[in-house]
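# Please find the sequence and the predicted model below.
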Amino acid sequence: MEHKPSGVLAIRLARVEAITVVGMGCTTSKADHKKNDTIGKFTLSFLAQRAGEIRSTVSRKLFGVSIYPQGFTGFEEYEWFCSYEVRGTDEIPEGMAARTFPEHEYADVTHKGSLRALYDTYGYFHSKWRTLAGYNYADRYDIQLYDARYRGPHAPNSELDIYFPVKRSLCRMPAPEATSQPS
């Protein structure tokens, strides 16, 4: 696919089993986040003050889940849910919640660079790749996975994966135009 932003290292399709996470969420909008760094501030506060209370974690990979309302166009408020994958939900710390995301096929987009460049990565996925590859959204969320490759919000060598639940588009190619034959 042409004109891929430099921050998009790779896009792969992957079947991922159901994921259960425990964490906390905040409500924001793209405009509010861009102006006030809502997600960054919330995530730093969660990591510093509450993340250590989560037990039965699968790993210390941070899951940042954007959960969108029905009919989301990019201007409405949505939930940012900062969390860790867990083995079970027997012990959920007070003020936190558990969320389970079903098994899906995902477009796994590897982003490299600062978090500010995520806008370009999301834009490329939505406006180019998804359409050209023939996929639609399968659900109203996406998952950002922060693991050992993540070096910080401004690091040019930082990497993270964004998982978009997708399904094959049911679009059909238009029928060729009828031509009249001389009789």
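Now that the structure is in, tell me what you want to look at. Fair warning: this is a prediction, and the values are worked out from it, not measured in the lab.

# Just the buried positions in the host helix or strand of Val109, please.
Taking DSSP states H and E as the criterion, Val109 maps to strand 104-112. Of the residues in strand 104-112, 104-112 count as buried by neighbour count, 16 or more other CB atoms under 10 Å. All C-beta spots, glycine's among them, are computed from the backbone N, C-alpha and C.

# same thing with stretch 65-79?
When burial is assessed from 16+ other CB under 10 Å, stretch 65-79 yields the following buried residues: 65-68, 78.

# re earlier: now do the strand holding Val109: distance to the chain's middle.
Distance of strand 104-112 from the chain centroid (CA atoms, centre = their mean, to the nearest Å) equals 8 Å.

# Touching it from outside, list them.
Outside strand 104-112, the residues that touch it by CB atoms under 8 Å, 6 or more residues apart in numbering are 6-16, 117-118, 121, 125, 129-130, 133, 135, 138-139, 143, 156-167.

# in its sheet, what does it sit against?
Strand 104-112 has the following strand partners under DSSP bridges: strand 8-16 (antiparallel), strand 159-168 (antiparallel).

# For Leu44, which of these is the nearest?
Leu44 sits nearest to strand 159-168 of all the strands paired with strand 104-112, at 15.8 Å, using CB to CB.

# Tell me the buried residues in the helix of greatest length in the chain?
If you go by DSSP state H, the chain has its longest helix at helix 38-49. Using 16+ other CB under 10 Å as the test for burial, helix 38-49 gives 38-39, 42-43, 46.

# Looking at the residues you listed, which is nearest Met24?
Using CB to CB, Phe46 comes nearest to Met24 of the buried residues of helix 38-49, at 5.5 Å.

# shouldn't that closest one be in contact with Val22?
No - using CB atoms under 8 Å, Phe46 makes no contact with Val22, being 11.5 Å away.

# could you pull out the helices for the chain?
Here the chain has its helices, by DSSP H, at 30-36, 38-49, 118-124, 130-133.

# Mind putting the ones you listed into CSV with distance to Phe72 and mean pLDDT?
Shown next, in CSV, are those (distance: least, CB to CB, whole Å; pLDDT from 0 to 100):
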stretch, distance to Phe72, mean pLDDT
helix 30-36, 10, 90
helix 38-49, 16, 96
helix 118-124, 13, 92
helix 130-133, 15, 91
